[in-house]
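Peer 1: sequence-free structure coming up:
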Ligand SMILES: Nc1nc2c(ncn2[C@@H]2O[C@H](COP(=O)(O)OP(=O)(O)OP(=O)(O)O)[C@@H](O)[C@H]2O)c(=O)[nH]1
């Protein structure tokens with residue numbers, strides 16, 4: 001396709017977008033119906049006349065391609081900057097306040113990015129056209145796997161820092177991810193429009209902490225668009241082009257994939273070498289299955305078919321894959337009849353929190369299975385194992401990177417796949433060492449990873465307990481040093497390092513047991529520092545410790561879903577809390593129920609649920625048989641929702657409430 005035809009079509013595409021956008025806006029304006037009608041008909045005319053959009057990607061040699069991510073702490077403005085970049089390059093119309101790349105309903109509702117999203121931009125600079133592939137990444141620690149995955153498809157990053165808040169814990173974590181991946185880092189100070197912006201102070205922090213030159217720091221307001229054009233120029237000037245070769249055999253790296261309910265599996269490819277076209281037959285390295293490429297294109301920012309992708313480019317492909325196991329993130333695809341060295345895949349994510357996930361009704365298990373398979377295709381950081389429970393039936397035990405990750409996964413299951421589930425109380429994994437040849441043979445190894453507390457071996461054969469540890473980073477104003485130190489000690493933290501990153505802010509490095517920071521540590525930290533402290537953590541392996549298993553019984557019968565493992569110093573408090581919750585959620589019955597928390601059969605917490613005698617016929621005045629039948633019927637309905645633990649009836653939803661966090 002000639003250069004002028006390419007620009008003609010690109011212009012037409014942008015005009016279509018502008019008109020679609022205007023249609024959306026005007027359709028909201030009920031007062032201006034004439035105008036609305038005129039816009040819609042013009043747009044429709046235009047759409048009817050238009051030929052399908054075509055980009056000629058061969059007009060972008062590898063030297064004119066840049067692949068980069070935006071990384072930052074939560075809320076420092078990544079998605080807002082991405083919007084401005086899309087606007088400046090004409091990919092979307094100006095005046096958008098939508099955070100276009102936050103596409104999932106859960107992202108819109110919560111106002112956070114949970115999934116890295118790609119968009120291709122075309123930008124003219126120094127009389128040349130550049131293809132810029134941008135990845136907007138999440139900021140929250142629970143989604144850091146998305147960041148590390150995205151970095152694999154890039155040669156550089158924009159490290160965005162809020163000029164008001166300064167460097168925060170996730171800024172540090174994200175910097176090191178990019179630094180270790182040897183990517184070019186462009187430091188950018190955002191929100192300089194705010195009246196409390198401290199441009200000089202934060203520039204010093206960036207220089208002191210990351211050894212980045214102050215003169216290389218760009219100053220922008222993503223919200224107002226100030227300085228954003230400079231960011232595009234810096235991307236072109238500072239980030240190297242990908243070092244790939246289109247004359248070599250194809251190597252297409254899957255760095256993301258998702259399930260589209262109409263089109264099946266869609267893979268996101270970074271083309272490392274060679275050329276891939278529609279109609280090509282390609283082979284998956286891990287399964288050795290082959291496929292015909294039915295559609296291929298770029299995200300502009302939605303799918304736009306291009307028919308071909310060249311080395312160094314990033315885009316999507318469809319291959320009539322129906323099975324969610326077939327486009328695994330980290331896999332390599334290549335042309336049939338060719339042998340290439342597959343690209344190194346991703347490191348497996350290390351789950352921090354485990355929880356059981358069960359269907360609301362036993363009959364809905366297959367539906368849940370299909371939903372979990374489809375969603376984990378898009379979120380490879382979730383670890384999936386089968387599980388079953390006497391109370392909740394067949395289900396799964398899933399491993400997540402944190403509690404927010406668990407909540408978001410649950411919400412995505414509901415919103416994107418119509419699956420409502422019961423989640424059990426989250427727990428973390430422990431390790432134990434056992435003794436005795438027979439026992440080791442039975443369990444398969446001397447060291448065991450315990451993901452489900454009720455599967456913990458008997459203490460008689462355990463010789464050592466280990467708990468997971470994390471390296472925590474806290475950044476806070478210096479005035480909170482004492483209270484933060486106290487908080488860390490109360491959470492069994494061990495201070496490893498403490499240093500000033502400028503005159504007023506301190507960085508703490510603290511080693512914590514994971515169990516201590518999971519639930520309310522961050523809330524406490526925020527509240528004692530009036531919201532100014534930030535916290536990030538990463539896996540630090542296991543450490544020998546002293547653990548106990550706490551069992552719960554109702555009139556002597558064990559409720560195994562409630563079994564928990566905790567540090568010996570926490571056992572009494574935890575047992576008390578669960579007993580109180582049981583008391584609050586189980587309705588009174590015709591006999592007293594003793595709720596007990598036990599360690600090694602020794603009771604450490606107890607609550608009693610008093611007896612309550614219900615006279616069913618008391619309400620049936622004068623022996624009115626129809627009323628009595630109605631009441632019995634409603635009781636029978638109620639009974640369906642009951643679970644029996646021994647002779648104790650527990651309403652299913654009450655049980656769920658106890659299990660939930
Ligand atoms: N005043 C001002 N506000 C900004 C600027 N950039 C972003 N914001 C605001 O900061 C908030 C967070 O912006 P986002 O773009 O959602 O931040 P994010 O880094 O993508 O957030 P996560 O993806 O959840 O980590 C929003 O309310 C934005 O409107 C800016 O330059 N100036």
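Peer 2: Arrived safely. Because the structure is a prediction, the values reported are computed rather than measured.
Peer 1: which parts of the protein sit against the ligand?
Peer 2: Within the chain, the residues that sit near the ligand (Cβ under 6 Å from any ligand atom) are 72, 74-80, 99, 112-113, 138-139, 190-191, 193-194, 221-223. Any C-beta I mention is one placed from the backbone N, CA and C, and that applies to glycine too.
Peer 1: Confirm residue 439 sits in a strand?
Peer 2: No - in this structure, residue 439 is helix, not part of a strand, as judged by DSSP: H, G, I helix; E, B strand; the rest coil.
Peer 1: Select only the buried ones of the residues of the chain next to the ligand in ChimeraX?
Peer 2: Remark: buried members of those, expressed as a ChimeraX selection using 16 or more other Cβ atoms under 10 Å:
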select :72,74,75,76,77,78,79,80,99,112,113,138,139,190,191,221,222,223
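Peer 1: Dihedrals phi and psi, residue 88?
Peer 2: Phi and psi for residue 88, reported as degrees, to the nearest 10, are phi -60, psi -40.
Peer 1: tell me, how many neighbours does it end up with?
Peer 2: Applying other Cβ atoms under 10 Å, we find 17 residues neighbouring residue 88.
Peer 1: got the contact list for it?
Peer 2: When contacts are counted by Cβ atoms under 8 Å, 6 or more residues apart in numbering, residue 88 touches 123, 225, 228, 229, 232.
Peer 1: nearest to residue 598, of those?
Peer 2: Comparing the contacts of residue 88 against residue 598 with Cβ to Cβ places residue 228 closest, at 61.5 Å.
Peer 1: For the residue lying closest to residue 367 once chain neighbours are set aside, give its distance to residue 374.
Peer 2: Leaving out its chain neighbours, the residue that sits closest to residue 367 by Cβ to Cβ, 6 or more residues apart in numbering is residue 419, at 6.1 Å. Distance of residue 419 to residue 374, computed by Cβ to Cβ, to the nearest Å: 10 Å.
Peer 1: what about the two, which has more around it?
Peer 2: The neighbour count for residue 419 versus residue 374, taken as other Cβ under 10 Å, is higher for residue 419 (22 against 19).
Peer 1: so that one, which of the three states?
Peer 2: Relying on three-state DSSP, one would call residue 419 coil.
Peer 1: Can you name the residue of the stretch 151-300 of the chain nearest the ligand?
Peer 2: Nearest residue of the stretch 151-300 of the chain to the ligand: residue 223, at 3.4 Å (Cβ to the nearest ligand atom).
Peer 1: you'd agree that residue is up against residue 79?
Peer 2: No - using Cβ atoms under 8 Å, residue 223 is not in contact with residue 79; the gap is 11.2 Å.
Peer 1: hmm, back to that, and the residue of the stretch 151-300 of the chain closest to the ligand, that one's in a strand?
Peer 2: No - secondary structure of residue 223 (three-state DSSP): coil, not part of a strand.
Peer 1: Identify the residues contacting it.
Peer 2: Counting by Cβ under 8 Å, 6+ apart, residue 223 has contacts 77, 80, 191, 193.
Peer 1: The first one: what's it in contact with?
Peer 2: Each residue near residue 77 by Cβ under 8 Å, 6+ apart is listed here: 160, 162, 190, 191, 222, 223.
Peer 1: give the contact list for residue 253.
Peer 2: Counted by Cβ under 8 Å, 6+ apart, residue 253 has contacts 152, 153, 269, 270, 271, 272, 330, 331, 332, 343.
Peer 1: Mark which of the residues you listed are part of strands, please.
Peer 2: Under the assignment DSSP state E, the contacts of residue 253 contribute 269, 270, 271, 272, 332 to strands.
Peer 1: my read: the first one touches residue 308, true?
Peer 2: If I follow you right, that is residue 269. No - using Cβ under 8 Å, residue 269 is not in contact with residue 308; the gap is 11.8 Å.
Peer 1: Looking at these two, which is more packed in?
Peer 2: Comparing residue 269 with residue 308 by neighbour count (other Cβ under 10 Å), the higher total belongs to residue 269, at 27 against 21.
Peer 1: tell me which element the nearest residue to the more buried one once chain neighbours are set aside falls in.
Peer 2: Computed as Cβ to Cβ, 6+ apart, the closest residue to residue 269 that is not its neighbour in sequence is residue 252, at 4.4 Å. Take DSSP states H and E as the rule and residue 252 turns out to sit in strand 251-260.
Peer 1: Now do the residue nearest to residue 249 when sequence neighbours are not counted against residue 252, distance only.
Peer 2: Nearest non-adjacent residue to residue 249, counting by Cβ to Cβ, 6+ apart: residue 338, 4.7 Å away. With distances taken as Cβ to Cβ, residue 338 is found 12 Å from residue 252.
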